[in-house]
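Novice: The following block contains a protein sequence and its predicted model.
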Amino acid sequence: MSGDRRVHTSVPDTETAIDRNLPEFPAAKPIDEDNYFRLHKPPPYLSQISRDVADFINYHHLQKRKIVLVTSGGTTVPLENNTVRFIDNFSAGTRGATSAEYFLENGYAVVFLHREFSLLPYSRHYSHTTNCFLDYMTESEDGKVEVNAEFQKEMIVVLRKYRHAQNNNLLLLVPFTTVHQYLFTLKLIAQELSVIGSDALFYLAAAVSDFFLPSSRVPEHKIQSQESGGKLVVDLEPVPKFLSRLVDSWAPISMIVSFKLETDSSILIKKAKGALERYSHQLVIGNLLQSRKYEVVFVTKDSERWVRLSQEQVDAGIDIESLIIPEVIKLHKSSIEEKKKMGL
Ligand SMILES: CC(C)(COP(=O)(O)O)[C@@H](O)C(=O)NCCC(=O)N[C@@H](CSSC[C@H](N)C(=O)O)C(=O)O
């Protein structure tokens, strides 16, 4: 891509985000997915993302490489159009960024739809907080910046993988900030990926808002606390169940994996099965906020299987994604074979 064509999503698009002519957003109804996209304006940068994604897909499809869309990080729900306050969904982006690395190491090309400024593949190892990159550096005698000798071995491994992904155009970074941007961009990428059918895999690790504030109700400027008698009452609508659209029309032939996040272990599997029944996709990976880094449960329509790190693996710093991704790839392979047998 010529020049820096990155889009930035964390700046509120004050021009298009609010439209007072929009009718009051109706309560959630089955046709809401279509209404949502009809009643809300797409992000202004979408056509640029569409071109980048189309080029990326064509490039890898010609080389018969499988492509996975990994979503990562949390979506925001702005409470003002000139956003000062917003509701955020918890996610550091570790699941998505780490999973993307393992997909790349297994030969996939990755479209990484991520919350802007959340963790990214490879750079996540040396972020500005965990493992601050400055702690890995020293000043040589002639005043040059160098990497500490003790870290050379581990860093060269990450650097080589990072450069390989860059030099072979294997990783496309696509940002979002709001749930609005996420939904429009997910729909766009899904429809573009549908051209490669069963070779496309969807791995939805992003923490997506269940509720949002319709544009017709978003105040233009910062909410003044004294105006509302010091209280802030927020009246949100349910986000359209986009997963059903993804499964039944945006990418009907692709394998779709969603994550179910709970904090109460007694309802996790039931909720994961509920999502499968509701959306009829292939796999839900359930995880608890408290233990998400060392155990997950694979829930399909006829099985549930825990995948866990042993204590030794935890102590050795093994990523649970090193166990998750090979399992997902195995299921993707069978899904491709199945679809090919059906002539899809
Ligand atoms: C967010 C985490 C826990 C990773 O954490 P970090 O490593 O810190 O990034 C991820 O593993 C996960 O569960 N992601 C999915 C979380 C989520 O929002 N799941 C939705 C399903 S996808 S959103 C779908 C929408 N609500 C609908 O029902 O259509 C849910 O549980 O309901």
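Specialist: Here it is on my side, so go on.
Novice: Can you give me the buried ones in the longest helix anywhere in the chain?
Specialist: If you go by DSSP state H, the chain has its longest helix at helix 321-341. Using 16 or more other CB atoms under 10 Å as the test for burial, helix 321-341 gives 321, 323-325, 328-329, 331-332, 335-336, 339. Using the backbone N, CA and C atoms, a C-beta is placed for each residue, glycine as well.
Novice: Might you report the residue contacts of the closest residue to T75 other than its chain neighbours?
Specialist: Ranked by CB to CB, 6 or more residues apart in numbering and with sequence neighbours excluded, the top spatial neighbour of T75 is V179, at 3.9 Å. Going by CB atoms under 8 Å, 6 or more residues apart in numbering, V179 touches 75-77, 208-209, 212, 239.
Novice: Mind checking which of the residues you listed land in strands?
Specialist: Among the contacts of V179, DSSP state E puts 76-77, 212 in strands.
Novice: Show me which of these is closest to A100.
Specialist: T76 (21.4 Å; CB to CB).
Novice: beta partners of that closest one?
Specialist: Note on T76: beta-bridge partners by DSSP bridges are D88, T178.
Novice: Of the buried residues of helix 321-341, which one scores lowest on pLDDT?
Specialist: In terms of pLDDT, the lowest of the buried residues of helix 321-341 is K339, showing 93.
Novice: mind checking the SS state of the closest residue in space to that residue that isn't next to it in sequence?
Specialist: Leaving aside its sequence neighbours, K339 sits nearest to S198 (CB to CB, 6+ apart; 3.9 Å). Under DSSP: H, G, I helix; E, B strand; the rest coil, S198 falls in the helix class.
Novice: Next one: S198 from E327, what distance?
Specialist: 18 Å (CB to CB, to the nearest Å).
Novice: wait, isn't G286 in contact with R305?
Specialist: No. With contact defined as CB atoms under 8 Å, G286 does not reach R305; the gap is 10.6 Å.
Novice: So for those two, which residues contact both of them?
Specialist: What both G286 and R305 touch, as defined by CB under 8 Å, 6+ apart, is the set V297.
Novice: Which one's more surrounded, the two?
Specialist: G286 (26 against 10; other CB atoms under 10 Å).
Novice: next SSE after whichever helix or strand the more buried one is part of?
Specialist: Using DSSP states H and E, G286 sits within strand 283-288. If you walk from strand 283-288 toward the C-terminus, the next helix or strand you reach (DSSP H and E) is strand 295-300.
Novice: Off-centre distance for that next one?
Specialist: Relative to its chain's centre, strand 295-300 lies at 18 Å (CA atoms, centre = their mean, to the nearest Å).
Novice: Which elements pack onto it?
Specialist: helix 265-279, strand 283-288, strand 303-308, helix 321-341 (3 or more CB pairs under 8 Å, 6 or more residues apart in numbering; DSSP states H and E).
Novice: what's the pLDDT at the residue nearest to the spatial centre of the chain?
Specialist: For the chain, the residue nearest the mean C-alpha position is T71 (1.6 Å; CA atoms, centre = their mean). Note for T71: predicted pLDDT of 98.
Novice: Is it in a helix, a strand, or coil?
Specialist: Per three-state DSSP, T71 ends up strand.
Novice: ok, and the closest non-adjacent residue to it?
Specialist: A206 (3.6 Å).
Novice: Would you check how far apart that neighbour and R95 are?
Specialist: Distance from A206 to R95, by CB to CB: 9 Å.
Novice: Quickly list what's touching both of those two.
Specialist: With CB under 8 Å, 6+ apart, A206 and R95 have common neighbours S72.
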